[in-house]
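A.B. asks: Below: sequence and its predicted model.
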Amino acid sequence: MWDFPLFPEQASTAARHVDQVYFALIALSIFFIFSIGGAALYFMTHYHFRRDADRRNVPKSNWKLEVIFIGSAVVVSTFFFFWGAYKYLKISQATDDALELFVLGKQWMWKVQYPEGQREINRLHIPVNQPIMLRLTSQDVIHSFYVPAFRVKQDVVPGRYTTLWFEATKTGTFKLECAEYCGTDHSRMLGEVVVMSAPDFARWLANRPVQSTMVAQGERIFARAGCSGCHTAASAVHAPDLQGLFGRRVALSTGETLVADASYIRDSILLPKKHVVAGYAPIMPSFEGQLSEQEIFALLEFIKFEPALNDAANASPNTEKNDANK
């Protein structure tokens, strides 16, 4: 019984678009292999030195043939470039209603965190027909998040955020692999993506053990790390206000402006002197080595979604300890 499929099944909205370009390139390659190979075989046999062929008046050049060859190559390559670019843009831009999840790659596992606070290792549960946006980073070396059935793959790089989005169209369990050699146990860095119906996914989330949401975790870290002493309206220190920061354009001391996205906020926490906000002194200390990537994920969620950052000023490090003991 045949149990070795040449191609994985199509299980996402992106799979069809990727396969269309892929199979078109395969068909084009086969056409050139047989056309060029067939022509070479024909000339080899027809003009063999023992054949009595007319070899007089051998043409030195044929500009019409050259124009046809070069023009055809330009037209075909240009067509595939724009077609591939169109498909790439179509499958790489997440929709506004995408469910955002956080993935941390480390030797040799995938650690997944949900906004509600649930966590998994080497497994990712998602609802079917729901756009999913993954925010990925690595704790050590470069990894690559790859789901063959979805036809999606994204490098996971230490020190920065990358994003990947997809929408599963079938329920079931699909392979999750690391497609970048990342060390001795690279081949064992495997996982599963479990696609469930929306009601089943809601029940699964409700039944998972959780202490608090990522926003609540971020609020406690915000207070524990001392961020509330500078970045709230009631603070005495002259520091940028974080309310409504995410997605806003920020003017820098260099005269440039940047959008305050996840990467900007992460850099501001770990490399505060990289992007100094205009009108503020570069006095913020670096938290590199003091906060884990998962804690930065939580801080990002807090800054992104918490409308009342001033409330964090009333929190204290004891708040986190009390919550942890519950």
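C.D. replies: On my side now, so go ahead.
A.B. asks: tell me the contacts of the closest residue to residue 299 other than its chain neighbours?
C.D. replies: Spatial nearest neighbour of residue 299, chain neighbours left out: residue 218 (4.7 Å); criterion: Cβ to Cβ, 6 or more residues apart in numbering. C-beta: built from backbone N, CA, C; applies to glycine. Neighbouring residues of residue 218 by Cβ atoms under 8 Å, 6 or more residues apart in numbering: 298, 299, 300, 301, 302, 303, 306.
A.B. asks: of the residues you listed, the lowest pLDDT goes to which?
C.D. replies: Lowest in pLDDT among the contacts of residue 218 is residue 306, which has 65.
A.B. asks: measure the residue nearest to residue 299 to residue 225 for me?
C.D. replies: 10 Å (Cβ to Cβ, to the nearest Å).
A.B. asks: same deal with residue 275?
C.D. replies: 19 Å.
A.B. asks: just to revisit the earlier point, can you flag which of the contacts of residue 218 belong to helices?
C.D. replies: 298, 299, 300, 301, 302, 303 (DSSP state H).
A.B. asks: burial of the nearest residue to the last one once chain neighbours are set aside, as a residue count?
C.D. replies: Beyond its immediate neighbours in the sequence, the residue positioned closest to residue 303 (Cβ to Cβ, 6+ apart) is residue 242, lying 5.5 Å away. The tally of other residues near residue 242 (other Cβ atoms under 10 Å) stands at 23.
A.B. asks: same thing with residue 125?
C.D. replies: 19.
A.B. asks: cool, residue 6 as well?
C.D. replies: 5.
A.B. asks: secondary structure class for it?
C.D. replies: coil (DSSP: H, G, I helix; E, B strand; the rest coil).
A.B. asks: Can you tell me how far it is from residue 87?
C.D. replies: From residue 6 to residue 87 the distance is 21 Å (Cβ to Cβ).
A.B. asks: go on, residue 18?
C.D. replies: In terms of Cβ to Cβ, residue 18 sits 7 Å off from residue 87.
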